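[1] Sequence first, predicted model second:
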Amino acid sequence: MMDLIAHNLAPIMFVTVMAMLLIGFPVAFTLAAGGLIFFWIGVELSAFVPTSDITLFWSLLKAHPERIYGIMYNDILLAVPFFTFMGLILERSGMAEDLLYTIGQLFGAVRGGLAYAVIFVGALLAATTGVVAASVIAMGLISLPIMMRYGYNRSFATGTIAASGTLAQIVPPSLVLIIMADQLGRPVGDMYVGALYPAGIIILSYAAYVFLITMFKPSWAPALPEEARQMKGGVPSLTVLTLLAVALHFVLFNTAFAEMRYEVRFVWSATSAALFAFLVAIANRLFKLKLLSELGERVIIVMMPPLALIFLVLGTIFLGIATPTEGGAMGATGALVMALAKKRLTWKTLNQALISTTKLASFVMFILIGARVFGLTFFGVNGNIWIEELLLRLPGGQFGFLLMVTILIFILGMFLDFFEIAFIIVPLLVPVALALDIDLIWFGIIIGINLQTSFLTPPFGFALFYLRSISPKKEWKDEITGRLLPAVKTLEIYKGAIPYIIIQFAIIILVIMNPGLVTHYKGDKEVVDPNTIEIVVPSFGGALDGQSLGTPLGVPGELGGLPPLGQELPGSNSNENGGTLQLPGLSLEGPPNIGGEPPAVNPEPQVDLSQPPVIE
């Protein structure tokens, strides 16, 4: 019986801890307590089983202080409080309100215009804040009443807002990508570059779904009525300026910055084009040039602060100017400057943002400490071997493993927070991914999209909870129209999220089937196998010319080896006396004889130690 329990202690430990988490016990304390309790059980059982099954002993507990200290000096995790603080400050700076109003006016004349605006603004907020709660709450408070006022289907409206808010999970600079990079041991910058194409595909897929709704269910997403469009016309001038900026971007991309790396070229050319458009809009406003309409001018001026912040964070990372942690610090500083410029930075706002940031950072640190305690015990009972053997037996190789991981994380995402999944599940999957030769950046992006989906999955999708908290729970009177509008039901929010969950799954399969969507982060860098490196000795005019150091020296009769002393050197020519070139013999009884007679040595006088010394 003891043998059976000891041999299966890893699955027993895993299932027990997962059950405690699902019941609702605090994550950090559940992990730490589970690790310590099963450590004690493992040590006691180790006396009854072979040491290969359980490798735990009491002195191993001394490793915990160093493991916990390793969390504290991990500079990658410093980016978490920086990006959190940046998102909370931007939430209160009024940027979301300005963007939603302006983009809503821009797309208001087309069916589904408000939905397009929500997706577009959600992507911009994701690229600046990286915090789901801030995006969902800001867009829900601003957009949901307007969408309900003008007759949008409630399920469609709530689903679009919730899904657009979750873009902060996959669009850089995402907290999920930072945590994934840390757990996978890969650079955050590579994770950001690898996420660009999948994130763009997700945004376009959301827009395509809105377009299909406007084609087949036009009553679900009507255009804004005439009286609601306060800035009419002006699209042609904005279109012309946009086309000029895009043309400038391509010209600079292929000429002035052609010698740079792809990401560097793109950032500098896009920044130059955006700066050109912004200067034209500013000149139009200052000098009354009337080159742009009021709408076009407002769109460009309102768009520049978030774009500048995106450059400050992502641009500096891609250009190699800053690390992700430094980029987060600059982003937090930029958010403070933006809020100050809009006169929204008060002591109360700053205090609330700091308190919320401290709580989240402490939450992350305590979970990491608990995960380290859990991990030490789990690996000590060979849990990693159990997981590896279990998953390597799956049919389908890489595809079967990735599909199984997708289903597992999707199910766990219904009940667990992404921090818990990232700190508990992901480290257990890394050895299997490496054994299957899976690129870890590709693996991390797949998990990141899955974690984004978990924010939408009923019954515990966090984006759904955030939206539920700010949605009207009973009939309410619209101040603009004076009409009574119905409440938003929880079931309507759940129904609205389902199409976007299906889109997410389709994109996960697409990324699994096309790893190049992620692995482009490698660029043109050639991967070199260290085992194929060969060092060639330069020519010295001797017998070893052109020989490789790959062959051990000193092995007689082999290429690159030296013969024994006194024997002929391979490939040597005869000397001038007709003999062969040989290495001299070696005698330990005197000084070495190098090419001639040994130098004369003055013998030292003999000393008779039996007589007393003579002092002259």
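    Right, received. Where do you want to start?
[2] Okay, now the unreliable bits of the stretch 501-616 of the chain?
    Along the stretch 501-616 of the chain, the model assigns pLDDT under 70 to residues 523-616.
[3] all strands for the chain, in order.
    Ranges of strands in the chain, per DSSP state E, are 476-477, 484-485.
[4] Leu510 and Leu517 touch, don't they?
    Yes - in this structure Leu510 lies within contact range of Leu517 using C-beta atoms under 8 Å: 7.3 Å. From N, CA and C alone the C-beta is placed, and that goes for glycine too.
[5] and for these two, which residues touch both?
    Ile201 (C-beta atoms under 8 Å, 6 or more residues apart in numbering).
[6] ok, back up a step: just send the strands of the chain back as CSV, with distance to Ala277 and mean pLDDT too.
    Converted to CSV, those look like this (distance: least, C-beta to C-beta, whole Å; pLDDT from 0 to 100):
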stretch, distance to Ala277, mean pLDDT
strand 476-477, 40, 80
strand 484-485, 39, 82
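[7] of all those, which lies closest to Tyr262?
    Proximity to Tyr262 (C-beta to C-beta) singles out strand 484-485 among the strands of the chain, at 49.1 Å.
[8] helices or strands next to that closest one in the packing?
    Helices and strands touching strand 484-485, by 3 or more C-beta pairs under 8 Å, 6 or more residues apart in numbering; DSSP states H and E, are strand 476-477.
[9] what comes into contact with the strand it packs on?
    483-485, 487.
[10] what's the closest of those to Pro427?
    Among those, Ala487 lies closest to Pro427 (C-beta to C-beta), at 43.5 Å.
[11] Tell me who's in contact with that closest one.
    Applying C-beta under 8 Å, 6+ apart to Ala487 gives the contacts 471-476.
[12] ok, 10 Å please
    Residues near Ala487 by C-beta atoms under 10 Å, 6 or more residues apart in numbering: 154, 471-476.
[13] how does the chain divide into domains?
    2-72, 92-230+382-522, 233-342 (automatic domain parsing).
[14] Can you add distance to Pro81 and give those domains back as JSON lines?
    Written out in JSON lines, the entries for the domains of the chain read as follows (distance: least, C-beta to C-beta, whole Å):
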{"stretch": "domain 2-72", "distance to Pro81": "13"}
{"stretch": "domain 92-230+382-522", "distance to Pro81": "10"}
{"stretch": "domain 233-342", "distance to Pro81": "8"}
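[15] nearest to Phe82, of those?
    Closest to Phe82 of the domains of the chain is domain 233-342 (C-beta to C-beta; 3.1 Å).
[16] what about the nearest residue to Asp190 once chain neighbours are set aside, distance to Pro218?
    Using C-beta to C-beta, 6 or more residues apart in numbering and skipping residues adjacent in sequence, the residue nearest Asp190 is Tyr521, 4.9 Å away. Counting by C-beta to C-beta, to the nearest Å, the gap from Tyr521 to Pro218 is 41 Å.
[17] just curious, which of the contacts of Ala487 is nearest to Arg111?
    Nearest member of the contacts of Ala487 to Arg111, counting by C-beta to C-beta, is Arg154, at 17.1 Å.
[18] got a list of what that closest one touches?
    Applying C-beta under 10 Å, 6+ apart to Arg154 gives the contacts 144, 147-148, 220, 471, 485-489, 492-493, 495-496.
[19] from these, which would you call buried?
    Buried members of the contacts of Arg154, counted by 16 or more other C-beta atoms under 10 Å: 144, 147-148, 220, 471, 488, 492-493, 495-496.
[20] Mind putting the contacts of Arg154 into TSV with distance to Phe401?
    As requested, these are exported to TSV (distance: C-beta to C-beta, whole Å):
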residue	distance to Phe401
Leu144	40
Met147	41
Met148	44
Trp220	39
Ser471	39
Leu485	49
Pro486	47
Ala487	45
Val488	40
Lys489	40
Glu492	37
Ile493	34
Lys495	33
Gly496	32
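[21] ok, those vs Ala63, which is closest?
    Taking C-beta to C-beta as the measure, Ala63 sits nearest to Ile493 out of the contacts of Arg154, at 46.3 Å.
[22] In terms of pLDDT, where does that closest one sit?
    According to the prediction, Ile493 has pLDDT 89.
[23] go on, Asn382?
    For Asn382, the predicted pLDDT is 80.
[24] Wait, it touches Ala10, no?
    Yes - counting by C-beta atoms under 10 Å, Ala10 is a contact partner of Asn382 at 6.0 Å.
[25] Could you check which of those two has the larger neighbour count?
    Using other C-beta atoms under 10 Å as the criterion, Asn382 and Ala10 rank with Ala10 on top: 25 against 18.
[26] who are the neighbours in contact with that one?
    By C-beta under 10 Å, 6+ apart, the contact set of Ala10 is 38, 42, 53-54, 377-387, 390.
[27] again, but for Gly42
    Counted by C-beta under 10 Å, 6+ apart, Gly42 has contacts 6, 9-10, 13, 49, 53-57, 60, 377-378, 380-381.
[28] Quickly note the distance from it to Ala33.
    Look at Gly42 and Ala33: by C-beta to C-beta, they are 15 Å apart.
[29] again with Leu279
    Distance from Leu279 to Ala33, counting by C-beta to C-beta: 60 Å.
[30] Give me the more crowded residue out of the two.
    Each of Leu279 and Ala33 has its neighbours counted (other C-beta under 10 Å); Ala33 has more, 17 against 11.
[31] any weak-confidence spans in the protein?
    Within the chain, the stretches with pLDDT under 70 are 1-3, 6, 49-53, 129-130, 228, 231-234, 263, 523-616.
[32] top helix in it by residue count?
    Taking DSSP state H as the criterion, the chain has its longest helix at helix 347-380.
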